[in-house]
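Participant: only the shape, not the letters, is given here:
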């Protein structure tokens with residue numbers, strides 16, 4: 001399958017969604033964009049954290065994400081899940097992917113399984 005990038009932020013129930021999304025597919029690699037608090041999430045060895053301070057300005061957050069993802073993504077396209085997080089966090093992730101020249105498909109976990117939306 002493809003690589004997954006997901007936002008992992010605060011929000012009731014969003015960590016469970018991200019955890020299930022990771023478990024329900026055979027992702028090539030998983031990258032979770034999060035803050036220091038998000039390092040408490042158990043990735044179970046299935047990926048890595050892209051850590052930033054979401055309280056910084058948007059340009060700094062985008063720069064952090066670009067620096068940490070640069071040369072790590074193997075394909076031209078990734079699966080992207082934004083079920084967790086805020087609009088600012090989502091825009092920073094999308095901007096970083098665009099700056100890296102990476103396409104993305106939005107994916108979500110539903111009762112029927114993982115769906116592209």
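Facilitator: Okay, I see it. Values in this document were obtained by computation on a predicted structure and should not be read as measured data. Numbers count the residues shown, from 1 in each chain.
Participant: any idea how far residue 53 is from residue 89?
Facilitator: With distances taken as Cβ to Cβ, to the nearest Å, residue 53 is found 11 Å from residue 89. Placement of C-beta: from N, CA and C, glycine included.
Participant: and for these two, which residues touch both?
Facilitator: The contact sets of residue 53 and residue 89 overlap at residue 61 (Cβ atoms under 8 Å, 6 or more residues apart in numbering).
Participant: what's the mean pLDDT across the longest strand seen in the chain?
Facilitator: When the chain is parsed with DSSP state E, its longest strand is strand 103-110. Strand 103-110 comes out with an average pLDDT of 97.
Participant: show me what counts as buried in that strand.
Facilitator: Residues of strand 103-110 classed as buried by neighbour count (16 or more other Cβ atoms under 10 Å): 104, 107, 109.
Participant: neighbour-wise, which of residue 53 and residue 89 wins?
Facilitator: Using other Cβ atoms under 10 Å as the criterion, residue 53 and residue 89 rank with residue 89 on top: 23 against 11.
Participant: what about the more buried one, which helix or strand?
Facilitator: Taking DSSP states H and E as the definition, residue 89 sits inside helix 87-99.
Participant: list of residues touching that helix?
Facilitator: Helix 87-99 has contacts (Cβ under 8 Å, 6+ apart) with 5, 7, 9, 33, 52, 54, 58, 61-62, 65-66, 69, 78, 80, 82, 85, 103-104.
Participant: the helices in the protein, which residues?
Facilitator: Assigned by DSSP state H, the chain shows helices spanning 14-23, 58-69, 87-99.
Participant: for residue 48, give the beta-bridge partners.
Facilitator: Listed beta-bridge partners, residue 48: residue 31 (assigned using DSSP bridges).
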